[in-house]
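> Build me a structure from this.
(4 chains)
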There are 4 protein chains.
Amino acid sequence: MQIRPIIGVMGTHEEDPEVIPLAQTLGEEIARRGCILLTGGGPGVMHAASHGASRAGGLVIGILPSERRSPLPGYPNAYVDIPIYTGLLDARNVINAKTPDIIIALKGGAGTLSEIALALKAGTPVICLGAWHDLFPGRIIPVHTVEDAMAVIDRLLS
Amino acid sequence: MQIRPIIGVMGTHEEDPEVIPLAQTLGEEIARRGCILLTGGGPGVMHAASHGASRAGGLVIGILPSERRSPLPGYPNAYVDIPIYTGLLDARNVINAKTPDIIIALKGGAGTLSEIALALKAGTPVICLGAWHDLFPGRIIPVHTVEDAMAVIDRLLS
Amino acid sequence: MQIRPIIGVMGTHEEDPEVIPLAQTLGEEIARRGCILLTGGGPGVMHAASHGASRAGGLVIGILPSERRSPLPGYPNAYVDIPIYTGLLDARNVINAKTPDIIIALKGGAGTLSEIALALKAGTPVICLGAWHDLFPGRIIPVHTVEDAMAVIDRLLS
Amino acid sequence: MQIRPIIGVMGTHEEDPEVIPLAQTLGEEIARRGCILLTGGGPGVMHAASHGASRAGGLVIGILPSERRSPLPGYPNAYVDIPIYTGLLDARNVINAKTPDIIIALKGGAGTLSEIALALKAGTPVICLGAWHDLFPGRIIPVHTVEDAMAVIDRLLS
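Predicted structure coming up:
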């Protein structure tokens, strides 16, 4: 088996109706391209992207903050195929930032911001979809639609 | 997709002819049961187990100490399907210990010992194959053959 | 000995003349209040704050990304009294964010941003001095001078 | 201030009457030599060593598994001067293993064993006092008394 690209999708753990459909479509598109989806494995954007990828037959990795024996509510979500139990709490965000070939960040809170920052530090390309556009101009890749996000991914992976 | 069990195989990163064939057979047997193999993603036992699992059509996760942009020699090995770049150096051993449903430890050095210890602390069952039998009697599961190791796994997963 | 408050100072590792004097004065003021200074232990803002604290007789902790046997250039800087070798690379930023009672962030790059974000996530109060004021309005505490930063600290610790 | 050596003391978190007095005397002797004591910051051996060091006027660092806002029972113990909140759970053991110039391990469980193993991997000298003598012959330094442990430390630091 050849190593398939891993695309990370980061965003709020809340059920925000503004971004949940975007996350789901992103997950689907990532899976359709034969890429592996990586998220933090929880609710909100993580759940929606995982659902989308799963529905399109893709493989879903969840990088979990907790240990196997002390699961956090909502982790792993129902669409995670490969739960990585880190027991590192917030420090697992570095793995979300470093493992993917590319990450896409949606609207989110401090956790999402930390993942963008850690990804930039690690050299992982960061596509910001509909949010975070004023952050580090020239270093993040701002896009406004899922189509544009996927076009950037296609270009970066080609 | 249902979550498939993850079995970790730990052991020396050296090309030790005493354990390489065991590791390869373990990888094959793990894959044949439809389980996912997890290793530290490098050379020696990690490479051999990954080779075996890959040959049997299995999925192989490598939990790498390094970052994507600063790979260590031999990491990931050629049979890793899903490289998890942690950038945590030795602290990635906690993920090797906490993510699998069960780990099998072969002959190894201080790194392997740390994974056994961290797994015991986390409550992950630890099967020790042909080594480490005097360590924590009653807490590790000592076996002498690959067949016995797989029989223990079959029992624990049933 | 009573536990003394720990104040973190975060900012660029570059020798930026705009912030180096601020960092040095912050270090001095922190030490004069009997607080312990915590930084990432390296160059730039970290060095300047440590220098200031050391000159004022304070205690300086450096949370280092590297291991003792593989030091990174500039880590620990000359004024670190207590070098904490983590070997966690960027993941040590969570310790910078979680250990202090309060952190002060100056102008910086992606590393500093990750520390602000992780501190907000962990509930550590974050004072932003002359930078980052548009980030998470209402969640960070924006100030324009060292005096104002120290006044906030005095208030938070009282 | 010159950097003072940091000596780590590792051992069971239980109140084991066999080792508590040894840990307390070790803490005292470490402080008397002007060294800094580092422990995991909790109960049992960690508490006893910290008590001893504190009584002798020494400085005590505690590397805590938890976050500041979610303290674990017994962490930090009453004699910790510098609580390092990592939020890394068991992964904080790598810091216990990598930060000290030397570690002394007493009787303990899987956590202690992981610290010995990680220290050996990192190249930190490991003195084993009254336990673990059969582990990695030639790599750990076995001693039977506190006096012998301190003599080894004096020699290693000279």
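> Could you tell me which residues of chain A lie near chain C?
Contacts of chain A with chain C, taken as Cβ under 8 Å from any Cβ of the partner chain, map to A:88-91, A:93-94, A:98, A:109-111, A:113-114, A:116-118, A:120-122, A:134-136, A:139. C-betas here are computed from N, CA, C, even on glycine.
> Buried by neighbour count: which residues of stretch A:88-103 qualify?
Under the neighbour-count criterion of 16 or more other Cβ atoms under 10 Å in any protein chain shown, stretch A:88-103 has A:88-103 buried.
> Now do that stretch: distance to the chain's middle.
9 Å (Cα atoms, centre = their mean, to the nearest Å).
> any bit of that stretch sitting next to chain D?
Yes. Residues of stretch A:88-103 contacting chain D under Cβ under 8 Å from any Cβ: A:88-91.
> and that stretch with chain B, contact?
Yes. Counting by Cβ under 8 Å from any Cβ, chain B has neighbours in stretch A:88-103: A:88, A:94-95, A:98-99, A:101.
> Would you check how far apart the residue of chain A most remote from its centre and chain B are?
Going by Cα atoms, centre = their mean, the residue of chain A most distant from its centre is residue A:69, 24.3 Å out. Look at residue A:69 and chain B: by Cβ to the nearest Cβ, to the nearest Å, they are 5 Å apart.
> Residue A:144 is in contact with residue A:129, isn't it?
Yes. In terms of Cβ atoms under 8 Å, residue A:144 counts as a neighbour of residue A:129; the distance is 7.5 Å.
> Next up, the contacts around residue A:108.
Residues counted as contacts of residue A:108 (Cβ atoms under 8 Å, 6 or more residues apart in numbering or on different chains) are A:10-13, A:45, A:131.
> Give me the subset of the residues you listed that also touch chain D.
Counting by Cβ under 8 Å from any Cβ, no member of those reaches chain D.
> what's the farthest-apart pair in those residues?
Farthest-apart pair in these is A:13 and A:131; separation 14.8 Å (Cβ to Cβ).
> can you give me the helices for chain A?
A:20-32, A:45-55, A:93-98, A:110-122, A:146-157 (DSSP state H).
> Can I get stretch A:129-144 in CSV, CA atoms only?
Provided in CSV are the C-alpha atoms of stretch A:129-144 (Å, rounded to 0.1, in the frame of the first residue of the first chain):
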residue,chain,number,x,y,z
LEU,A,129,-11.8,28.4,5.4
GLY,A,130,-14.0,31.3,6.2
ALA,A,131,-12.2,32.3,9.4
TRP,A,132,-8.8,33.3,10.7
HIS,A,133,-8.0,35.3,7.6
ASP,A,134,-6.4,38.1,9.4
LEU,A,135,-4.0,35.9,11.3
PHE,A,136,-0.5,35.9,9.9
PRO,A,137,-1.2,37.3,6.5
GLY,A,138,1.0,35.6,3.9
ARG,A,139,1.5,32.5,6.0
ILE,A,140,-2.0,31.0,6.1
ILE,A,141,-3.9,30.3,2.9
PRO,A,142,-7.3,32.0,3.0
VAL,A,143,-10.3,30.5,1.2
HIS,A,144,-14.0,31.2,1.2
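> Going by neighbour count, list what's buried in it.
A:129-132, A:135-136, A:140-143.
> okay, among these, which ones form the most distant pair?
The distance between the two most remote of the buried residues of stretch A:129-144 (Cβ to Cβ) is 16.4 Å, for A:130 and A:136.
> Confirm for me that residue A:48 is in contact with residue A:17.
No. The pair residue A:48 and residue A:17 does not pass the contact test of Cβ under 8 Å, sitting 10.4 Å apart.
> And these two? Which one has more around it.
residue A:48 (27 against 7; other Cβ atoms under 10 Å in any protein chain shown).
> just for chain A, where's the confidence low?
Along chain A, the parts satisfying pLDDT under 70 run over A:1-2.
> Enumerate the residues of chain A near chain B.
Residues of chain A lying close to chain B by Cβ under 8 Å from any Cβ are A:1, A:3-4, A:6, A:36, A:54, A:59, A:61, A:63, A:67-69, A:76, A:80-88, A:94-95, A:98-99, A:101, A:122-124.
> run the last query once more with 6 Å
Proximity of chain A to chain B, by Cβ under 6 Å from any Cβ of the partner chain, involves residues A:1, A:67, A:69, A:81, A:84-87, A:94-95, A:98-99, A:122-123.
> Between all of those residues, which two are separated the most?
A:69 and A:123 (34.5 Å).
> So which of the buried residues of stretch A:129-144 belong to strands?
Among the buried residues of stretch A:129-144, the members found in strands (DSSP state E) are A:129, A:141-143.
> List the residues that contact residue A:109.
Residues in contact with residue A:109 (Cβ atoms under 6 Å, 6 or more residues apart in numbering or on different chains) are residue A:12.
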